[in-house]
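J.: Any chance you could fold what I've pasted below:
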Amino acid sequence: MVTSERRVQAGWPAGRGGIAAGVATGALLVLTTADLGQHYEVPLGGAFALATLRALALASAWLRPTVAVPVSLLGTALTAAVCVPVSPDEAWPWPVTSVFGQAAVLVIVGARGASRTALAVWWAATQVVGVVAMALAPERGTWAGLLTMAVLSAVAVGVADLLRSRAETRRRLSEQETISEGERAQRARLQERARIARELHDVVAHHLSVVVVRADSAPHRLRELPAEVREEFAGIADDARSSLMEMRRVLRLLREDPAAEVDRPTELGPQPGLAELEELVATTRRAGADVRLEVALPAEADPAAELTAYRVAQEAISNAVRHAPGAKVEVAVDGAGDALVLTVANGPSPTGDCAAPGSGHGLVGMRERVGLLDGTFQAGPTSEGGYLVQASIPLNAKEAG
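T.: Below you'll find the model as predicted:
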C-alpha cells in the first residue's frame, strides 16, 4: 500500500482549481463547526478544533496525499468519540460533514493516482472505525446509520478510480501523440534524405558517369593522341570512377534508415584512413599540383579519427589546388601525442590566379566532422597570402550521439 501511495501526485491546484479548493476547505471548516455545535453536545471550541482537523485533512488531499486519508480518518474517529447527538434523529457515528469530508478526501487522493488497493484498504478502515464506535457506544446511534458512510465512501472510491483511469488515459494519449510527432519528424527526415539522394544521383552521379565515359572513350575517339595525354585521360577516368564509387556509398547511406543499421553489420567497404593519405597526395601530384606530405603515424588510432583526418585533408587539399593553382601545398600529420594533429598549408598562387570563392560548405563540413569527435578545427588566411587549415582530433575519439 505504501508503494502505491508514493505515486500519488502532490501540489495545490493552479488557477481556478486552486481557488475552488480553498473555498471548499473553508466551507468544510465553517459547516463542520456549525454542524457539531448545533446537533451534538460539543463545546464551540471543541467543534472548531474538530472542524479544523477535518479541513486540514481536505487540504492535505492536495498538498500531502499520503497523509490525507489517515488524518481524515483520525478526525472522523475523534468526532465519533467526542460527539453525543442531541437527539436520536442525528446521525452517529458519522455526522453529515464527516461523511462528505471523508468521501471528498477519498475522491481527491484517488484521482491523483492512489491505487485501487490503497483506496479499498482505506474504505475498509473507515467501516472498521464505524463498527468499533457502534460496538463501544451503541446507545448513541443505530447500525443502519453505518450504511450512509459505507455507500457514499464506496461511491467516492468508484469515482476516484474513474478519474484516475481518465487521467491515465489522457496521459497515455499525450505520450502516443508525442511518439507520433517523433515518428512524423523521423519520416520527414527520411524523406528529405531520400530527396537529397535522388538529387545527387540524378545530377552529380550522372555527370560523373559522363566524365568516366568520355575519359575512357577519348583515346578511341581522338586519333593520334600522345602517350602522356592518353595516360592523363586514363587518370581522369580512374579518379572519376573512384568519386562515383564514393558517391554511391553516400547515396546508400542517405537512403538507408539509421535505426535499421544499429544491429546490422554495415555492407559498405572499408573507409579510408591515414594509410591512404599517400595515395591521395600522389593522385593530386599526378594532376600537376605541388603537394608535400609529412606523416608521423600514431601507434593506434580510432578508425573514426583516421577517417575524419583523411576527409579533412582531402577537402583542404582540394580547396588549395582549386583556389591557389600552382601554389605549394604542405600536408603534415602528427600523431605523437594523445591527439592527431593535421595541418594543410598553402602559399599564394604564383600566377596570381584565383578561383571564384566557394560556397563555404567545405569548411563547414570539415568543422562538423572534427566537432563530432570532440576535436578542434581552425582555418584562415596566413600573413603570406596563403591559407592554413589545422585540425586536432583525439586519437581515441568516439562519435557523439
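J.: for Ala154, what are its contacts?
T.: Trp123 (CB atoms under 8 Å, 6 or more residues apart in numbering). Backbone N, C-alpha and C define where each C-beta goes, glycine included.
J.: How is this structure partitioned into domains?
T.: For the chain, automatic domain parsing gives the domain ranges 2-179, 274-401.
J.: Same list (the ones you listed) but as a markdown table, adding mean pLDDT and distance to Ala227.
T.: Formatted as a markdown table, the domains of the chain follow (pLDDT from 0 to 100; distance: least, CB to CB, whole Å):
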| stretch | mean pLDDT | distance to Ala227 |
| --- | --- | --- |
| domain 2-179 | 84 | 65 |
| domain 274-401 | 83 | 15 |
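J.: Adding distance to Ser209, write those out as a markdown table.
T.: Output for the domains of the chain, formatted as a markdown table (distance: least, CB to CB, whole Å):
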| stretch | distance to Ser209 |
| --- | --- |
| domain 2-179 | 42 |
| domain 274-401 | 20 |
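J.: so which of the ones you listed gets nearest Val211?
T.: Closest approach to Val211 among those (CB to CB): domain 274-401, 13.9 Å.
J.: can you give me the strands in this structure?
T.: 290-296, 328-334, 339-346, 376-381, 387-394 (DSSP state E).
J.: Centre of the chain to the fourth one, how far?
T.: A distance of 32 Å separates the C-alpha centroid of strand 376-381 from that of its chain, computed with CA atoms, centre = their mean, to the nearest Å.
J.: Adjacent strands (with direction) for it?
T.: Strands that pair with strand 376-381, judged by DSSP bridges, come out as strand 387-394 (antiparallel).
J.: How about the third one?
T.: Sheet pairing here is set by DSSP bridges, and for strand 339-346 it gives strand 328-334 (antiparallel), strand 387-394 (antiparallel).
J.: quick revisit: quick one, which of the domains of the chain is nearest to His220?
T.: Of all the domains of the chain, domain 274-401 comes closest under CB to CB, at 21.9 Å.
J.: Need the winner for burial among the strands paired with strand 339-346.
T.: strand 387-394 (a mean of 21; mean count of other CB atoms under 10 Å).
J.: got the contact list for that strand?
T.: 302, 305, 308-309, 312, 316, 319-320, 323-324, 338-346, 366, 370, 373-382.
J.: So for Leu208, which of the domains of the chain sits nearest?
T.: Nearest of these (CB to CB): domain 274-401, 15.1 Å.
J.: What is the distance between stretch 384-394 and the centre of its chain?
T.: On CA atoms, centre = their mean, the centre of stretch 384-394 falls 36 Å from the chain's centre.
J.: again with stretch 113-126
T.: For stretch 113-126, the distance to the chain centre is 36 Å (CA atoms, centre = their mean).
J.: do the same with stretch 45-56
T.: 48 Å.
J.: shift numbering so it begins at 17
T.: Taking 17 as the first residue, the last one we looked at is stretch 61-72.
J.: Any buried residues in that stretch, and which?
T.: If you call a residue buried by 16 or more other CB atoms under 10 Å, then stretch 61-72 has these buried ones: Gly62, Ala63, Phe64, Ala65, Leu66, Ala67, Leu69, Arg70, Ala71, Leu72.
J.: possible to save those residues as TSV with distance to Gly304?
T.: Below are those laid out as TSV (distance: CB to CB, whole Å):
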residue	distance to Gly304
Gly62	106
Ala63	105
Phe64	101
Ala65	101
Leu66	101
Ala67	99
Leu69	96
Arg70	95
Ala71	92
Leu72	90
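J.: Show me which of those is closest to Glu240.
T.: Of the buried residues of stretch 61-72, the one sitting nearest to Glu240 (CB to CB) turns out to be Leu72, at 107.2 Å.
J.: The nearest residue to the closest one once chain neighbours are set aside: neighbouring residues, count only.
T.: Residue nearest to Leu72 in three dimensions, not counting chain neighbours: Val87, with 6.3 Å by CB to CB, 6 or more residues apart in numbering. The number of residues packed near Val87 is 19, by other CB atoms under 10 Å.
J.: Nearest to Thr49, out of the strands paired with strand 355-362?
T.: That would be strand 403-410 among these, by CB to CB, at 72.7 Å.
J.: From Arg187, how far off is the most centrally placed residue in the chain?
T.: What sits nearest the mean C-alpha location of the chain, by CA atoms, centre = their mean, is Gly198, with 10.1 Å. From Gly198 across to Arg187, the span is 17 Å (CB to CB, to the nearest Å).
J.: same check, this time on Ala160
T.: Per CB to CB, Ala160 is found 42 Å from Arg187.
J.: do the same with Gln287
T.: In terms of CB to CB, Gln287 sits 45 Å off from Arg187.
J.: Would you check that the residue nearest to Leu72 makes contact with Leu74?
T.: No - taking contacts as CB atoms under 8 Å, Val87 lies outside contact range of Leu74: 9.3 Å.
J.: and stretch 225-244, C-alpha only, in PDB?
T.: Extracted in PDB, the C-alpha atoms of stretch 225-244 (Å, rounded to 0.1, in the frame of the first residue of the first chain):
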ATOM      1  CA  SER A 225      29.300   8.800 -65.100                       C
ATOM      2  CA  VAL A 226      29.600  11.000 -68.200                       C
ATOM      3  CA  VAL A 227      33.100  12.100 -67.200                       C
ATOM      4  CA  VAL A 228      34.100   8.400 -66.900                       C
ATOM      5  CA  VAL A 229      32.600   7.500 -70.300                       C
ATOM      6  CA  ARG A 230      34.200  10.500 -72.100                       C
ATOM      7  CA  ALA A 231      37.600  10.000 -70.500                       C
ATOM      8  CA  ASP A 232      37.600   6.200 -71.300                       C
ATOM      9  CA  SER A 233      36.500   6.800 -74.900                       C
ATOM     10  CA  ALA A 234      38.700   9.800 -75.600                       C
ATOM     11  CA  PRO A 235      41.700   7.700 -76.800                       C
ATOM     12  CA  HIS A 236      39.400   5.900 -79.200                       C
ATOM     13  CA  ARG A 237      37.500   9.000 -80.400                       C
ATOM     14  CA  LEU A 238      40.600  11.200 -80.800                       C
ATOM     15  CA  ARG A 239      43.200   9.800 -83.200                       C
ATOM     16  CA  GLU A 240      47.000  10.100 -82.700                       C
ATOM     17  CA  LEU A 241      46.900  11.300 -79.100                       C
ATOM     18  CA  PRO A 242      50.300  11.500 -77.400                       C
ATOM     19  CA  ALA A 243      51.000   8.800 -74.800                       C
ATOM     20  CA  GLU A 244      51.100  11.300 -72.000                       C
END
